[in-house]
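1. Sequence plus predicted model, see below.
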Amino acid sequence: MNRYSLVLMAVLAVSVSGCANMSSGEQRTLSGAGIGAAGGALIGGLATGRPLRGAAIGAAAGAVGGYLYDRHEKSEGR
């Protein structure tokens with residue numbers, strides 16, 4: 001459980017760090033990575049007992065998802 005707490009603290013630290021000077025694409029990518037890391041850590045910890053591996057996979061998937069969502073929003077003109 002100690003690793004899970006460390007991952008959660010890292011995700012929270014990244015999520016509250018200065019995002020004011022970021023573009024909307026950067027913000028969406030970072031948000032996706034943070035949400036993916038938290039979800040991946042939770043699922044990885046519960047399913048396999050390896051929250052760090054789950055967090056890494058979740059962060060990568062979330063970052064890609066956030067980036068693709070941003071591209072979709074920009075193509076829609078929003």
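-> Structure's in. What do you need?
2. Contacts only, for Tyr28.
-> No Tyr there; residue 28 is Arg. Counting by Cβ atoms under 8 Å, 6 or more residues apart in numbering, Arg28 touches 66-67, 69-70, 73. (Glycine included, C-beta is placed from N, CA and C.)
3. In ChimeraX, how would I select the buried members of these?
-> This is how ChimeraX selects the buried members of those, with burial counted by 16 or more other Cβ atoms under 10 Å:
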select :66,67,70
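4. For the closest residue to Ala47 other than its chain neighbours, pull up the helix or strand it's in.
-> Of all residues not flanking Ala47 in the chain, Gly54 sits nearest, at 7.6 Å (Cβ to Cβ, 6 or more residues apart in numbering). Using DSSP states H and E, Gly54 sits in helix 51-76.
5. tell me the contacts of the residue nearest to Ala47?
-> Taking Cβ under 8 Å, 6+ apart, one finds 40-45, 47-48 in contact with Gly54.
6. what do you get for Gly39?
-> 58, 62.
7. Leaving out sequence neighbours, find the closest residue to Ser24.
-> Among residues not flanking Ser24 along the chain, Asp70 sits closest, at 6.4 Å (Cβ to Cβ, 6+ apart).
8. residues near Arg78, how many?
-> Arg78 has 8 neighbouring residues, counting by other Cβ atoms under 10 Å.
9. Please report how far Met22 lies from Ala60.
-> Applying Cβ to Cβ, to the nearest Å, the value for Met22 to Ala60 is 19 Å.
10. For this protein, give me the ranges with low pLDDT.
-> For the chain, the stretches with pLDDT under 70 are 1, 12-20.
11. Give me the buried positions along the helix holding Gly54.
-> 51-52, 54-59, 61-63, 65-67, 70.
12. Over to stretch 34-50?
-> Of the residues in stretch 34-50, those buried by neighbour count under the rule 16+ other Cβ under 10 Å are 34-42, 44-45.
13. Go through those and flag which are in helices.
-> Among the buried residues of stretch 34-50, the members falling in helices (DSSP state H) are 34-42, 44-45.
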